[in-house]
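Participant: please find the sequence and the predicted model below.
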Amino acid sequence: MNHPTSRLYTFEQYFLKNSSQGGRLHAWLEEAWLPAYKRLTGGTAALVMDAIVAEQVPQVAVVAEWDSYAQWQETRAAMRADADMRAALAYWEDHAEPPYEHFTQSLLEATPYSPALAPGGEKARVFELRVYHAPAYRQLRALHDRFEGPEIPIFHRCGIHPALYTSALFGPWMPNLIYFTPFDSLGAREAAWAKFMADEEWVRVRTESVAEHGQINAFFKVALYRAAGYSPVK
């Protein structure tokens, strides 16, 4: 699923303690990182979220769009060389406790059938992260084919409208399909998935998929986040 013109996304997860780390991190992202990202790339497709239900909470996650791997590298270098960014970083890190416990970063490639991550939204929505790990790339191709074929129309009919479909170029649990879905509320999410699981066409599609390809996702992981009020994508 590697296409030279595909959009790239970094997915960063900052794992925190129950302390002042969250407020300091959000202040740095809102006042320093986001303005620099917009200035240097001209982009606004960034999503900043707080974890609601995840393997480790508290956690802040950031998804950012890049035109290319080279743009990501050049922007990182420009941020590190920028005097204002260096001052903001020093202020963020200059504290009695560290700025975070640790962080992870993955590089994701948008699938050919993914919508563009679009800025906007009147209120901060709940975002569901799903990671489907395939046993091998053969099964991953079958998984992508199922999504691109019958599964997404069933999603939409049931009120599930993912904002971004990707696969990791590097990161944990590869190979995989990773997608982010916004919902107006946790209740709306629960109702949509209940409708999907009961959908007769979906039951048929899944049965046919397993019969043809076997179990094409070895397991899946789910996490729930809420977009930050200042996040360009809400």
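Facilitator: Alright, I've got the coordinates.

Participant: you'd agree residue 222 is in a strand?
Facilitator: Yes - assigned with DSSP: H, G, I helix; E, B strand; the rest coil, residue 222 falls within a strand.

Participant: that one and residue 178 touch, don't they?
Facilitator: No - judged on Cβ atoms under 8 Å, residue 222 makes no contact with residue 178 at a distance of 11.4 Å. The way it works is simple: take the backbone N, C-alpha and C, and place the C-beta from them, glycine included.

Participant: between these two, what contacts are shared?
Facilitator: 129-131 (Cβ atoms under 8 Å, 6 or more residues apart in numbering).

Participant: dump those into CSV; add pLDDT, secondary structure and distance to residue 17 as well.
Facilitator: Formatted as CSV, those follow (pLDDT from 0 to 100; DSSP: H, G, I helix; E, B strand; the rest coil; distance: Cβ to Cβ, whole Å):
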residue, pLDDT, secondary structure, distance to residue 17
129, 98, strand, 22
130, 97, strand, 27
131, 97, strand, 25
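
Participant: what packs against the worst-scoring helix or strand of the chain on mean pLDDT?
Facilitator: When each helix and strand of the chain is scored by mean pLDDT, DSSP states H and E, helix 83-93 comes last, with a mean of 91. Judged by 3 or more Cβ pairs under 8 Å, 6 or more residues apart in numbering; DSSP states H and E, the packing partners of helix 83-93 are helix 21-28.

Participant: swap the cut-off to 10 Å and go again
Facilitator: helix 21-28, helix 34-41, helix 69-81 (3 or more Cβ pairs under 10 Å, 6 or more residues apart in numbering; DSSP states H and E).

Participant: a strand runs through residue 132, doesn't it?
Facilitator: Yes - under three-state DSSP, residue 132 falls within a strand.

Participant: surely it meets residue 221?
Facilitator: Yes - using Cβ atoms under 10 Å, residue 132 is in contact with residue 221, at 8.4 Å.

Participant: what about the two, which has more around it?
Facilitator: Of the pair residue 132 and residue 221, residue 132 is the one with more neighbours under other Cβ atoms under 10 Å, namely 21 against 15.

Participant: quick one: that one and residue 222, what's the gap?
Facilitator: Residue 132 is 10 Å from residue 222, where distance means Cβ to Cβ, to the nearest Å.

Participant: residue 26 - nearest residue in space that isn't next to it in sequence?
Facilitator: Leaving aside its sequence neighbours, residue 26 sits nearest to residue 228 (Cβ to Cβ, 6 or more residues apart in numbering; 6.4 Å).

Participant: neighbour count winner among residue 222 and residue 178?
Facilitator: residue 178 (23 against 10).

Participant: where along this structure do the helices fall?
Facilitator: 21-28, 34-41, 69-81, 83-93, 137-146, 152-157, 186-197, 200-213 (DSSP state H).

Participant: any chance of those helices in TSV, with mean neighbour count too?
Facilitator: Listed next are the helices of the chain as TSV, based on neighbours: other Cβ atoms under 10 Å:
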stretch	mean neighbour count
helix 21-28	17
helix 34-41	17
helix 69-81	13
helix 83-93	14
helix 137-146	17
helix 152-157	14
helix 186-197	14
helix 200-213	13
